[in-house]
Every structure is written in structure tokens, then in C-alpha cells.
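1. sequence? don't have it. structure:
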């Protein structure tokens, strides 16, 4: 980063931490709309549910009513998720009548939309609807309002909708200028014939290079420059996923794009990184992290999943009151990063009462203890109260904020000055960390893998960031049945404030250890004077590998440990996405793996293989898509060390692999996007063969 850019970022962070809560006005111009009480419409980030990711385009009057019932019955409406939003698909195959009025699908909404909206309102909820800023183009986009802005705004108001999402699929197809047409649409909504206040979600998802090459002014990343004056929210990047699928890597991508302009967010106008995706491809831990990210970002909270089918654990994450309070804080300030970007990061959000919401984010593949300081967050003093928003645990620190954060996890604290008698010391019990296997250290940041018969070293760190010492700290480590655990260290008698200790264990797996995820659980207990015996439980998942290959093996036919693809899922012996045979420069390969960038495929080869051969490149299927994109990099990593690097390959290149694998236990096949995004990157690992 150039020095002046770094200085500018530092100044922005400092200003957002120190500034008073912003006035309830748009960042540019007057408020876009106001309630009867004079407050900005959508003063805090709105909450709700949308049909798109969970139901696709075939939802009906009955399915929407069922979701509305579930929002109420499951406590989501009470927690604030009160907008039932119809996305694209509500319209009829003939979207307009002969008179030019919009009409819903006559089969799925036989009674029209008015009875459905009345039903939603009768449940104490609000209703949202969808259109596009461009013209309807049959065969290219399903619904458009261009040329009918005032007519459609009046219609939505007459139907008594409370919110309107305006897409730009038709808009980009017609090569329109987003600023111009969205400003016109916003004016039509404000001037609707019924005088009905309606939330305006400006949803331009067009991005480059993900969508191809477009001028800056037509992209979502430009909306911040005009949207705060005309909308309650505006999308800041492309879609966070696909129908039925939202991946954690794309959650991080959208969060990062959303974080580029925190200065334009405030009461009544918010950056929008897209929807929440419980049970659409993320683990519970990853979804909890998305909820944390969206909460500190002051982002609208719109559930993408079918709430009728959600597990209670997902509902509990969505409705956590302390986390929602941070999202709904009336100051409307968006979090900023403190310190550098990387695998681990600190983000801080200034709250209306002067407290700070602090997020410790772990983007990496292994658990860590992460720390920051109160002074770096703009707080002064000698004692601070820390409320863990997810556990509700309240402790006191002398200035260090720490947490044990699992891979793809995030800790969230509300931090403010402490008063009165000293509180319970803030003690952090680390996650059980596998640091060595068979006497060989696990590379830093490398997710460990063990196999039947292995002996591993596991460490648990304990630190005391409080003013008072803690007495008799103890750590007990539990492993699956049949695993042997032996403590290597004696526990200290006390742990003074500002001190830490690390306790080590040897864990031995049985020869027949079952492949898959295995849990190591550490129970840390200690005496906090005046606060009794305290107990903290932390857990890590360790991957137990399947049996390694034997002889000469087609690697794509061997069980992998894990596999990711930039979009869709890795395909065995086929090109990703299209189901066609793997083909590179006209040559068809009967075996291999097709992926989209970015991608990581992990295999356990157990240290007994000697050679890996294969061919890599962009599949010939990219030639049927278009000239854009189709660049990638291929790397082979053995036990955390780079063994092969293709450099940047285009659709006209291939690379040949012939590697010595002697001694390698874990093999990672990594595809990158070559720095230009993943558009049209259909990458192949062809004819992969290992000799063992």
C-alpha cells in the first residue's frame, strides 16, 4: 500500500472512532424519507426475510404465508425480522397487463397480491417486493420497471408494500447509468400517489471482474457515491452466493467490499453486503461469524434461508439479543479495521453510549488466541468491562481484550470503562492446539491432519488479562473414546494479572481411528478471588485422515480430506459446472478434477508416496462462455511447503506436473484466480496419478 493511502486509512479509522454519533441525515443531501415522527425511515438497519436464496423463483402465496407464520412462531419477528420480502419470481410470465400494470403470477398468486400483503400485515409484519431499474427484456431478465417508474411505485404503494428492492439485471443489459435511473426511481417512490413511506433497497450487484468488464460508474462498488442520498440501503458487491448456496469465502469477500466506505453509513442509510445464509453451505461456526460481521457492519439483516426448516441453533444465532443490540445501535456507525489486514484482524464499532463493539476475526484454518488493546480502540483508562456478546460472560481487563477464536470464527465484545469494585478477571482459555505430529511441528496456519496410530502434541494456553490473580488454574483435555491423553506439565499455583501459561499433552490415536472430524475438548478451571470457581470449555476439531493410497493410484478416484471450489462443487472426471469431459487444448482426459477458482483440495498420502504426475490448465469449456477471464494459477503444496507453481495460465496454456513426494503426508492442490477474479475460471487437474 502506498504511504499516502495508509495515512488516509489511519485518519479515517481515527475519525470514525472519535467522532460523535452522526445526525439522522443522509450522507449526501436531505434524508430520503422520514416517518411521521420525523425520524429517518429505517433509522436502524432493517431486518427480515427474502425468498431468493431459500425458495428460488417458484414461491407461492401459500409458501410465503407459511414463512410469515414461522417468523412469528419461532421468535424471529419478535427479534426484529419483520419484513417478508418477495424477490424476483412473483411476476406473471406476462409481467404487465395490456393497460401496462404489473401483475403477479396468476397461478401461484390466484388472488393477486393484496390478500397476501393483508395477511402479512395481520401477523404484525411488513411486506417487501422486487423489481428492476431496467426495461423488461424477454429471455434476458424477468421483470423491469424502466419507463414505468411512477406507475410501478404507485402500484406498490396501492398494494401497501413497505419496502422495495430494485435490481439492475435489466439495467445492465440495457446499458443504463445506475445513478440516473436509481435517482429517478427513488423520486417516484417518494412521490407515490398514496403517500406511503417505503424502504428503498438499491440493489446493483454488477461487479468487475466477476461479471465481466464494466465501467466503474455501472458497478456496485460505485453506489456509495450517490446512494446514501436516495436509499435506505445499497448493495456494495455482487451476490453473496447462489440459490441454495452461500459459502464462507464469499461472505468474507462481500464483507471486505462492504467495508470500503464506512463513512457513508448512518441512521437511515446503510451499506448492504447481501443476505444472511444459515444452513446454505456454512457450518454453524461460519454462520455465527457472518452474523458477527453483519452486526458490526451495521448491515441490514435479511435471512436468506427457508426459516420453516432452520435448526434451532440457527434461530438462536439469528436472535441473540446482545448481538442484535450491536447491529441495531442507534448511532448507526459501521465498524472499521484497526491494524493490518490478514488471516487475523481486529474491527471496532463505536456505539452510541461511547462503548466499543470489538470483533476479533480469524479468517485462517487453525484456532488462535487473538488480542487487541483498549487504547488502540480509542478508549482510555486502567480498567475495562468486557461483555462477550455471544456467551453473555462479563469480565474485567486492565486493557487487553483477548479471545480464543476457532478457524473461520469471530469473537464479539462490548467494551467500556469499569467502575466500582474489581470484577472477575478476564481469563482466556485457548483452544486445544495440535502443534506436532510424530515429532514434526505443524506449520503455522496449517490445519493439522492425524491418522490412526499417530502420536500428537496438543497445547492449551491460558492467559489472565485481569487486575487480580487467579488461583489453581487447571486444564483437563478430553479426546474421543480409545484415544490416550497424557499431561506433560504441572499446573501453576496461580496466574498473576498480565501473565500466561501453556500446558502440553500427548495424544495417541488408536490404529483404527475413524476418519473424519474428531473433537478435542479442554476444560479450564480456576479460582477467581471474590467470584468463586470459574470454568471455561474450549474445543477444536482435528481431521483424522482416511487410509493413504497404495500402489499407482488415480488420485481423483481416491478419497480426499476436503475440497472447495469457487462456485458449485469440485467434480470428479468432469469439468466443473457443465458436466462435460475434462478437455485441455483439444485433448480429452478420462480422469481428473474440475474446479472453479479459488479452490483447495486436500489429500492424505501418509508419507509413503514417491511421485505425483498430471496436467493442469483451463478447460476448453471456457471457450463457450466468452473471452473474459479464464486465468488461473495452480500450486501443489506438501506439508505446508510449495512443491509446484504453474505461474499464470490462460486458456491457451497447460502445465505439467512431475513431483517427488517422498516423505509428504498431506497434499494440497490449490487453484488461484491470478488476481483478476474467478470469472470463467474452469480449472482442471487432469490425469493426476500418485505412485506409492
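-> In hand now; what should we look at? Everything numeric in this text was worked out from a predicted model, so none of it was measured.

2. contacting residues around residue 625?
-> Listed by C-beta atoms under 8 Å, 6 or more residues apart in numbering, the contact set of residue 625 reads residue 680. Placement of C-beta: from N, CA and C, glycine included.

3. for it, what are phi and psi?
-> The main-chain torsion angles of residue 625 are listed as degrees, to the nearest 10 and equal phi -100, psi -50.

4. tell me the contacts of the residue nearest to the spatial centre of the chain?
-> The C-alpha lying nearest the average C-alpha coordinate of the chain belongs to residue 251 (C-alpha atoms, centre = their mean; 2.6 Å). For residue 251, the contacting residues are 240, 277, 282, 286, 289-290, 293, taking C-beta under 8 Å, 6+ apart as the criterion.

5. cutoff 6 Å now
-> residue 290 (C-beta atoms under 6 Å, 6 or more residues apart in numbering).

6. next SSE downstream of the helix or strand containing it?
-> Per DSSP states H and E: residue 251 is located in helix 248-258. As assigned by DSSP H and E, the chain's next helix or strand after helix 248-258 is strand 270-272.

7. mind listing residues that contact that next one?
-> Under the criterion C-beta under 6 Å, 6+ apart, residues 45, 233-236, 258, 265, 298, 300 lie in contact with strand 270-272.

8. and the two most separated of these?
-> The most widely separated members of those, counting by C-beta to C-beta, are 235 and 298 (14.8 Å).

9. spatially nearest residue to residue 352 (excluding sequence neighbours)?
-> Once flanking residues are discounted, residue 352 sits nearest to residue 331: 4.0 Å by C-beta to C-beta, 6 or more residues apart in numbering.

10. got it, and residue 487?
-> Nearest in space to residue 487, with sequence neighbours left out and distances taken as C-beta to C-beta, 6+ apart, is residue 505 at 5.5 Å.

11. okay, and the beta partners of that neighbour?
-> residue 458, residue 487 (DSSP bridges).

12. doesn't residue 443 lie inside a helix?
-> No. Following the definition DSSP: H, G, I helix; E, B strand; the rest coil, residue 443 is coil and is not counted among the residues of a helix.

13. show me what contacts it?
-> So, once contact is read as C-beta under 6 Å, 6+ apart, residue 443 ends up touching residue 640.

14. picking that back up, what mean pLDDT does the helix holding residue 251 have?
-> The average pLDDT for helix 248-258 rounds to 97.

15. could you verify my assumption that the residue nearest to residue 487 touches residue 458?
-> Yes. Between residue 505 and residue 458 there is a contact at 4.7 Å, judged by C-beta atoms under 6 Å.

16. the more surrounded of the two?
-> Between residue 505 and residue 458, counting by other C-beta atoms under 10 Å, residue 458 is the more crowded of the two (24 against 21).

17. can you map out the helices along the stretch 251-400 of the chain?
-> With DSSP state H, counting those that start in this stretch as the criterion, the stretch 251-400 of the chain has helices at 284-296, 312-318, 321-327.

18. now do the closest residue to residue 314 other than its chain neighbours against residue 159, distance only.
-> Taking C-beta to C-beta, 6+ apart, and ignoring the residues beside it in sequence, residue 314 has residue 278 as its nearest neighbour in space, at 3.9 Å. With distances defined as C-beta to C-beta, to the nearest Å, the gap from residue 278 to residue 159 amounts to 29 Å.

19. ok, the two, which is more surrounded?
-> The neighbour count for residue 278 versus residue 159, taken as other C-beta under 10 Å, is higher for residue 278 (26 against 19).

20. which residues touch the more buried one?
-> Applying C-beta under 6 Å, 6+ apart to residue 278 gives the contacts 287, 305, 310, 314.

21. in CSV: those residues, plus distance to residue 630 and neighbour count.
-> As requested, the contacts of residue 278 are exported to CSV (distance: C-beta to C-beta, whole Å; neighbours: other C-beta atoms under 10 Å):
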residue, distance to residue 630, neighbour count
287, 32, 25
305, 33, 23
310, 38, 20
314, 37, 23
